[in-house]
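>>> the following block contains a protein sequence and its predicted model.
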Amino acid sequence: MGNLSELSSGKQWMMMLVLGGLVSAAVYFFMFRGMTQNNQTAQNALTVKLAENSQLEAYRPKLAEIERQLANLKQQLEIERRIVPDEKQADDFMRMVQSEAGKAGIEVRRYTARAVSAREYYSEVPFELEVDGPYYGVVNFLDRLGKMERIVNVSGLLMATPRRQSDAKAKKTYQYAPGESVIATCVATTFFSHDLQPVAAAPAGRR
């Protein structure tokens with residue numbers, strides 16, 4: 001084949017056009033085609049994401065309601081934890097009982113822990129209580145126990161006068177004040193979330 005310069009100008013232009021077409025085709029296949037495929041892949045991913053966002057957009061008006069419901073559930077959980085704590089803290093329970101006794105104007109002479117009864121979802125923790133004070137003060141104390149935020153059940157109530165304290169099965173005689181007309185013993189049972197751990201024994205007496 002002769003040199004390109006030996007060809008006529010028309011053939012030279014034709015050869016240049018052919019070469020240019022080949023170069024353009026090569027550039028397209030090796031560069032632009034790959035870019036086009038990448039763009040198509042990105043476009044497909046964008047389409048999928050937009051469809052997902054469109055589906056989620058329907059829940060936007062409900063988001064505030066969902067957040068409100070979650071806040072209510074958290075509040076209810078905190079209330080339930082106060083009513084039925086998840087830890088058996090005997091000291092805290094006794095402090096709560098002692099506080100109600102002080103408000104009612106009576107004396108709590110003895111706390112004695114009984115055996116824990118394990119149920120499926122909770123444990124019952126009973127305490128023997130021995131109290132004395134004015135009759136209406138003792139009645140007020142028992143009423144306060146029933147109205148505590150924490151669940152407390154009172155059972156086995158016995159009452160007697162200081163002169164016949166054995167009728168109430170009191171364990172010990174104390175120096176009663178003139179206004180203390182009633183001695184009472186009972187079992188106050190509180191509840192804890194079930195974990196089967198034994199509760200610490202309460203002190204046998206306070207004086």
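Sure, I can see it. Numbers count the residues shown, from 1 in each chain.

>>> what's the distance between residue 47 and residue 37?
Spatial separation of residue 47 from residue 37 under the definition C-beta to C-beta, to the nearest Å is 16 Å. All C-beta spots, glycine's among them, are computed from the backbone N, C-alpha and C.

>>> my bad, should have said residue 62
Residue 62 sits 40 Å away from residue 37, going by C-beta to C-beta.

>>> same check, this time on residue 53
In this structure, residue 53 and residue 37 are 25 Å apart, going by C-beta to C-beta.

>>> now the strands: where do they sit in the protein?
With DSSP state E as the criterion, the chain has strands at 107-113, 117-118, 122-133, 152-160, 182-193.

>>> mind putting these into JSON lines with distance to residue 139?
What follows is these, written out as JSON lines (distance: least, C-beta to C-beta, whole Å):
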{"stretch": "strand 107-113", "distance to residue 139": "15"}
{"stretch": "strand 117-118", "distance to residue 139": "28"}
{"stretch": "strand 122-133", "distance to residue 139": "10"}
{"stretch": "strand 152-160", "distance to residue 139": "10"}
{"stretch": "strand 182-193", "distance to residue 139": "9"}
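
>>> quickly note the distance from the nearest residue to residue 107 once chain neighbours are set aside to residue 142.
Closest residue to residue 107 in three dimensions, ignoring its sequence neighbours and counting by C-beta to C-beta, 6 or more residues apart in numbering: residue 132, at 5.4 Å. Shown here: residue 132 relative to residue 142, a distance of 13 Å by C-beta to C-beta.
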